[in-house]
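Colleague: Whatever this is, show me its structure:
(chains A, B, C and D)
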2 protein chains.
Amino acid sequence: MRIGQLARRSGVSVRALRYYEEQRLLESARTPGGQRDYPDEALERVQLIQDLFAAGLSSRTVVELLPCVSTGVATPAMLDQLTVERDRIAARIQDLTRAKTNLARVIENVTAANVVQD
Amino acid sequence: MRIGQLARRSGVSVRALRYYEEQRLLESARTPGGQRDYPDEALERVQLIQDLFAAGLSSRTVVELLPCVSTGVATPAMLDQLTVERDRIAARIQDLTRAKTNLARVIENVTAANVVQD
DNA sequence: CCTGAACCTGACGTCAACGTGAGATACGAG
DNA sequence: CTCGTATCTCACGTTGACGTCAGGTTCAGG
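Modeller: Okay, the predicted model is just below:
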């Protein structure tokens, strides 16, 4: 599969895929002409990378954790980092939940009676 | 209260407070000598700003919504934006929850038996 | 009056995850 | 062989929320 097709399938840009390779998050074989050629598993991998990015992990962290995420084998240090990140995400969820509750309360109050003309 | 004290109390940097003023998120009186002088309510306001930033709102969005958040009075457009932001946060929480579940599963699998020496 | 800490206004630096050309090469159909 | 589209490698631009440095001013205590 070439880069354009992988981009369309995964929903990320061609530029992003090249960036992932530059960051060593994703590798590719090359055609004799030098164009990237991805195996089918690349699709899952890209989606996983997006998930981790969406969770707020940096590319540096992702590149450290990807091996054990995909192979299931980890060093104690990697295991440590995994739990650190999981806890960070949990804390972030708490923050967001608080913020959502705040906004919802504001909406309640405003909806009640205080909507005003422009 | 001067800027250094507000910074210490709120836990944000002096630079950040000046930035908030630049973005019209926070105003200040001035001493005859030109130094910023904040009322006590500024502390709550800074914390609110931090909350909204933490929720992923941009300063532009915050400056639009702050009036109704603090006064409880909104135009229909503001009400709209409020719900948009609340829903965005809700969606983000979903994403994070998925990512957390993923990481937790990886941790489970790894913890089982596959921890390896460095 | 003096001094050190705190404050002031620019204005440029940072960092991550790409966006956006520029100019050249590869691929597939006809 | 040709043409159009896809892809390649630099390499600089973008965005947001500040960090940081420079050079000068204000404030409070002694």
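Colleague: Quick check: mean pLDDT of the host helix or strand of A:Glu64?
Modeller: Element membership of A:Glu64, judged by DSSP states H and E, is helix A:59-71. On average, the pLDDT along helix A:59-71 is 89.
Colleague: which parts of that helix are buried?
Modeller: By neighbour count with 16 or more other Cβ atoms under 10 Å in any protein chain shown, helix A:59-71 contains the buried residues A:Ser59, A:Thr61, A:Val62, A:Val63, A:Leu65, A:Leu66, A:Cys68, A:Val69. No exception for glycine: its C-beta is placed from N, CA and C like everyone else's.
Colleague: Now the element after that helix, going C-ward?
Modeller: By DSSP H and E, the next helix or strand past helix A:59-71 is helix A:76-113.
Colleague: Of all pairs in the buried residues of helix A:59-71, which one is the farthest apart?
Modeller: A:Ser59 and A:Cys68 (16.3 Å; Cβ to Cβ).
Colleague: Show me which residues of chain A sit near DNA strand C.
Modeller: A:12-13, A:15-16, A:19, A:23, A:31-35, A:53, A:57-60 (Cβ under 7 Å from any atom of the strand).
Colleague: switch the cut-off to 6 Å
Modeller: When proximity is defined by Cβ under 6 Å from any atom of the strand, chain A lies next to DNA strand C at A:Ser13, A:Arg15, A:Ala16, A:Tyr19, A:Thr31, A:Pro32, A:Gly33, A:Gly34, A:Gln35, A:Phe53, A:Ser58, A:Ser59.
Colleague: what comes into contact with the helix or strand hosting the third one?
Modeller: In other words, A:Ala16. Using DSSP H and E, A:Ala16 falls within helix A:14-22. Contacts of helix A:14-22 with the rest of the structure, by Cβ atoms under 8 Å, 6 or more residues apart in numbering or on different chains, involve A:Ile3, A:Gly4, A:Leu6, A:Ala7, A:Ser10, A:Leu26, A:Glu27, A:Ser28, A:Arg36, A:Val46, A:Ile49, A:Ser59.
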